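**Student:** sequence and predicted structure, then a few things I'm wondering about:
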Amino acid sequence: MVKHIIVLVILCSVNFSSCACPKTFRNAMVTITDENGYQNEIRINDCLHNSSIRTFSLLSRTKKILKDTFYNLTNLERIEVRDVGLYVIEPKFAENIPNVAIFDAYKNQIEIIENNVFNNFKSWKILLDSNRIFYVEDGAFHGMHMTYLNLNDNQLSAINSSWFYHTQIYDLALAYNKITSLDALTFSGIFGVEILWLQFNKINYIAHDTFSIHLDLKRLYLSGNSLLYLDFNSPKSLQYLDVSFNLISSILFENTTELVGVSIYPNPLICKCLLRFWKKIGKLNIEIRESLFLKTPLEEEYPMCIAANYITCGEDSAIADNALYKEYFKLVNYCNLWDFSYRR
């Protein structure tokens, strides 16, 4: 094993001296796995151009990943730069790395995603959660094909449709941000999305046709927002919807062909509107499920609805009564059944 490590370091050194490359890594400790499955912890400087490397995991602190840091690494499958104090990923930081499946930059200090950082990046998973991202340049995700894009737990206040163009994403995570609204074109540049995570933002408005064009959408998570009512045109493909912990007093559904489960509690629902909803989903064989944020299987009761017979059901039933909301959720939180912290 010792001989193998020595050979690997020499190979890297030869490559370092034979190419002009950025000084991203200065005396940095990394863990790498080569094409034979050997995993070693080594110290590197400057280039990382050894084509035998399969996985790269940075252990030392670094503020920037510069252009061409990962170049011509044809066997590289995974890049991990988690919790290393990273602020900037420069455009074209990776070139000719056709087999990378995962890029993981969890828990850093990244604030901006520039154009040409990930464009046409054929990675299966890109993980940028728990950073400080507040701005994404137009075109930043154009032409990408991936199974998972994780932007959870950042500082995004809006989703701009110009981020995406011919972008294929199976699983898109935008939870725990500061997003306030979704318009009809928000996700117009994306296709193939089946799972969409938007919980624990500040969403108070969803345009009627925001999701209707996404014919593959199967699971939609909207819990922990500020929605007063639910009346959007859901795609017929939708199978599960979570709208728990909003300010919803009445629920209307359209195009619920495939829907098999919903999470609606807790919400300050009007009792007669809830009864009407129960009747409808009973006919459609839709199951009411517990919130994902329930700590343990439910052993205590919490208030399901508010008796307010003077309010009509529908969009007009939205009750902008902060005192009533506070009192309702005070009772809900008293039960101490919930855990809202972000976990990967």
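**Tutor:** Noted; the coordinates are in hand. Keep in mind it's a predicted model, so treat the numbers as computed, not measured.
**Student:** not counting sequence-adjacent ones, nearest residue to residue 181?
**Tutor:** Excluding its sequence neighbours, the residue lying closest to residue 181 (Cβ to Cβ, 6 or more residues apart in numbering) is residue 205, at 4.2 Å. All C-beta atoms are positioned from the backbone trio N, CA, C, and that covers glycine.
**Student:** let me redo that: residue 216
**Tutor:** With Cβ to Cβ, 6+ apart, the residue lying closest to residue 216 is residue 194, at 5.2 Å.
**Student:** show me what contacts that neighbour?
**Tutor:** Going by Cβ atoms under 8 Å, 6 or more residues apart in numbering, residue 194 touches 170, 171, 216, 217, 218, 219.
**Student:** pick out whichever of the residues you listed sits closest to residue 132.
**Tutor:** Residue 132 has its nearest neighbour among the contacts of residue 194 in residue 171, at 22.5 Å by Cβ to Cβ.
**Student:** surely that closest one is in a strand?
**Tutor:** Yes. Applying DSSP: H, G, I helix; E, B strand; the rest coil, one finds residue 171 inside a strand.
**Student:** who does it form a beta bridge with?
**Tutor:** Assessed by DSSP bridges, residue 171 has beta-bridge partners residue 148, residue 195.
**Student:** what's the neighbour count on it?
**Tutor:** Applying other Cβ atoms under 10 Å, we find 17 other residues in the vicinity of residue 171.
**Student:** so it touches residue 147, yeah?
**Tutor:** Yes. Shown here, residue 171 and residue 147 form a contact pair, counting by Cβ atoms under 8 Å, at 6.2 Å.
**Student:** the strands in the stretch 201-344 of the chain, which residues?
**Tutor:** Remark: strands assigned in the stretch 201-344 of the chain by DSSP state E, counting those that start in this stretch are 205-206, 219-221, 240-242, 261-263, 269-270, 287-288, 305-306.
**Student:** single out the most deeply packed of those strands.
**Tutor:** strand 269-270 (a mean of 24; mean count of other Cβ atoms under 10 Å).
**Student:** that one pairs with which strands, and in what direction?
**Tutor:** strand 305-306 (parallel).
**Student:** list of residues touching the strand it pairs with?
**Tutor:** By Cβ under 8 Å, 6+ apart, strand 305-306 touches 249, 268, 269, 270, 271, 273, 274, 324, 328.
**Student:** just the residues you listed: which are in helices?
**Tutor:** 271, 273, 274, 324, 328 (DSSP state H).
**Student:** closest one of those residues to residue 128?
**Tutor:** residue 328 (35.4 Å).
**Student:** ok, that closest one touching residue 303?
**Tutor:** Yes. Counting by Cβ under 8 Å, residue 303 is a contact partner of residue 328 at 6.5 Å.
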